[in-house]
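1. sequence-free structure coming up:
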């Protein structure tokens, strides 16, 4: 099993061009089921994206990748079932459910179940799709879905602004009969990007100022070309990597407006920022100051995916930080690994208190999940001595050329 070997102590410096967003390209690939042909640009080369393409091919689509472009032809769609092994490879594959039902009038997928971040119940997805007219039954770990008649628009109020549920409703409602209104939907940039893809294909979608989504169903969608937005979480991770090492970094091809919850915390930590157009330039101080309070929230609040890299930064900052994780119940699994490197962190329920230490030391640690893995690499870059980061396949799910990018910035990192 591959692992990273990182010798800490080097201040990172240089430029990084941010790739397309993992959390945006996956629902867009699901939406490709609804149109004859899709040309999707700025697609990152990630293991999760490869799994999504495998799902499309399993369903009968033709998928051709060339560099950062993925072409999908869904004209020959033959299947409506996602087997268990593909669902297990990528938990977020449940986002294909709404599109399959809309296209085929039926679907069979295995239950997503739990994952490294704890259970991810899909009750909101099921309730919403039922309101649109889908009949859904559980069958020994599978969901059997059918549409006795055509899907019909409905008014749907989400108890929680779930990103996945919002995406599934959008995909199912585009070609449903009548109007669908989604109250309290997720407002993440990835939702807006999915809406943009569908609008280019002829869907009638309008997002109100308060976030409410209005969808007027159409008979069919047309072929489309779309470029995926840049990855705000990748950008946040590289900012933290540069900051924790006392370095400087210029991020290019980024959307600063998507990062308004993070940037003030970087400034609170003592970093100087210059934001211009599609770039962010960060210069870190010799010793960081601890961000006082970080609470993860649905967008536009602080993103849960950026919590762990920022926690790594806080471990060596002057002072103490309080983190409150409100999205995933098991998002602190990286804490035990950080403790092996000398971090002082106490966790009680959803609250983690980080007491900054003068320095971390190298250790052998294990990636617990995608963002937790990035957190450990971030910490290792600043730690004294050598660290071995195991189970790096987690990181490959969400970061393209992670090792190469860090190496270009001056990190001493190799794959063993």
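-> Happy to help now that I have it. Small disclaimer: the values here were computed from a predicted structure and weren't measured.
2. average pLDDT across stretch 237-252?
-> Stretch 237-252 comes out with an average pLDDT of 98.
3. Okay, buried residues for it please.
-> 237-251 (16 or more other CB atoms under 10 Å). In this view, the C-beta of every residue, glycine as well, is placed from N, C-alpha and C.
4. Among those residues, which one sits closest to residue 285?
-> Closest to residue 285 out of the buried residues of stretch 237-252 is residue 246 (7.1 Å), distances taken as CB to CB.
5. Identify the residue nearest residue 197 in space, chain neighbours excluded?
-> Excluding the flanking residues, the one nearest residue 197 by CB to CB, 6 or more residues apart in numbering is residue 226, at 4.5 Å.
6. In a strand, residue 85, correct?
-> No. Counting by DSSP: H, G, I helix; E, B strand; the rest coil, residue 85 is not part of a strand but helix.
7. What residues does it make contact with?
-> By CB atoms under 8 Å, 6 or more residues apart in numbering, no residues touch residue 85.
8. what pLDDT does it get?
-> For residue 85, the pLDDT comes out at 90.
9. mind checking how far it is from residue 58?
-> Using CB to CB, to the nearest Å, residue 85 is found at 10 Å from residue 58.
10. give me phi/psi at the residue nearest to residue 197?
-> Phi and psi for residue 226, reported as degrees, to the nearest 10, are phi -150, psi 140.
11. So what pairs up with it in the strands?
-> For residue 226, the beta-bridge partners under DSSP bridges are residue 40.
12. how far away is residue 277 from residue 57?
-> Distance, residue 277 to residue 57, by CB to CB: 38 Å.
13. who has more neighbours, the two?
-> residue 57 (13 against 8; other CB atoms under 10 Å).
14. May I have the beta-bridge partners of the closest residue to that one other than its chain neighbours?
-> In space, and not counting its chain neighbours, residue 57 is closest to residue 63: 5.4 Å by CB to CB, 6+ apart. On DSSP bridges, the residues paired with residue 63 through beta bridges are residue 72.
15. do the same with residue 248
-> Beta-bridge partners for residue 248, by DSSP bridges, are residue 13, residue 283.
16. was I right about it contacting residue 280?
-> No. Contact criterion CB atoms under 8 Å: residue 248 and residue 280 do not qualify, at 11.3 Å.
17. quick one, helices of the stretch 51-200 of the chain?
-> Secondary structure of the stretch 51-200 of the chain (DSSP state H, counting those that start in this stretch): helices at 84-89, 96-104, 123-131, 163-173, 189-200.
18. Just give me the neighbour total for residue 86.
-> Based on other CB under 10 Å, the number of other residues close to residue 86 is 18.
19. Mind checking the pLDDT average for the helix or strand harbouring residue 380?
-> Assigned by DSSP states H and E, residue 380 belongs to helix 370-382. For helix 370-382, mean pLDDT is 97.
20. and stretch 348-357, how far apart are its ends?
-> 20 Å (CA to CA, to the nearest Å).
21. List the buried residues of that stretch.
-> Within stretch 348-357, the residues that count as buried by 16+ other CB under 10 Å are 350, 352, 354, 356.
22. Also stretch 187-201?
-> Buried residues in stretch 187-201 (16+ other CB under 10 Å): 187-191, 193-201.
23. and if you look at stretch 74-91?
-> Neighbour-count burial for stretch 74-91 [16+ other CB under 10 Å]: 74, 77, 79-82, 86-87, 89-91.
24. Stretch 297-311 too?
-> Applying a neighbour-count criterion of 16+ other CB under 10 Å, one finds 298-299, 302-311 buried in stretch 297-311.
25. Of the residues you listed, just say which sits nearest to residue 367.
-> Nearest to residue 367, judged by CB to CB, of the buried residues of stretch 297-311 is residue 308 at 10.6 Å.
26. tell me which element the closest one is part of?
-> Using DSSP H and E, the element containing residue 308 is helix 307-315.
27. Following element in sequence after that helix, please.
-> Per DSSP H and E, the first helix or strand lying C-terminal to helix 307-315 is strand 320-324.
28. ok, that next one: who's next to it in the sheet?
-> Strand pairing for strand 320-324, using DSSP bridges, gives strand 293-295 (parallel), strand 351-355 (antiparallel).
29. on that earlier part again, reformat the buried residues of stretch 348-357 as TSV; add pLDDT and distance to residue 339.
-> Shown next, in TSV, are the buried residues of stretch 348-357 (pLDDT from 0 to 100; distance: CB to CB, whole Å):
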residue	pLDDT	distance to residue 339
350	95	18
352	97	11
354	98	11
356	98	14
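30. which regions of the protein lie under the pLDDT threshold?
-> Residues of the chain meeting the criterion pLDDT under 70: 112-121.
31. cutoff 80 now
-> Counting by pLDDT under 80, the chain has low-confidence residues at 1, 91, 111-121, 329-330.
32. what's the closest of the helices of the stretch 51-200 of the chain to residue 343?
-> helix 163-173 (29.7 Å).
33. Now do that closest one: which elements does it pack against?
-> Judged by 3 or more CB pairs under 8 Å, 6 or more residues apart in numbering; DSSP states H and E, the packing partners of helix 163-173 are helix 22-31, helix 96-104, helix 123-131, strand 179-183, helix 189-200, strand 213-216.
34. for these, which one sits closest to residue 328?
-> helix 22-31 (14.1 Å).
35. which other residues reach that closest one?
-> For helix 22-31, contacts defined as CB under 8 Å, 6+ apart pick out 38, 40, 43-44, 46, 48-49, 52-53, 56, 70, 72, 90, 92, 95-96, 98-99, 163, 167, 171, 188-190, 193-194, 197-198, 201, 226, 228-229, 231, 233-234, 305, 397-398.
36. what does stretch 388-396 give?
-> Contacts to stretch 388-396, defined as CB under 8 Å, 6+ apart, come from residues 1-6, 46-47, 116, 363-370, 372-374, 376-377, 380, 402, 415-416.
37. Give me the buried subset of those residues.
-> For these, a neighbour count by 16+ other CB under 10 Å gives the buried set as 3-6, 46-47, 116, 363, 365-370, 372-374, 376-377, 380, 402.
38. Once you drop chain neighbours, what's closest to residue 21?
-> Counting by CB to CB, 6+ apart, residue 231 is the residue found nearest to residue 21 once chain neighbours are left out, at 3.9 Å.
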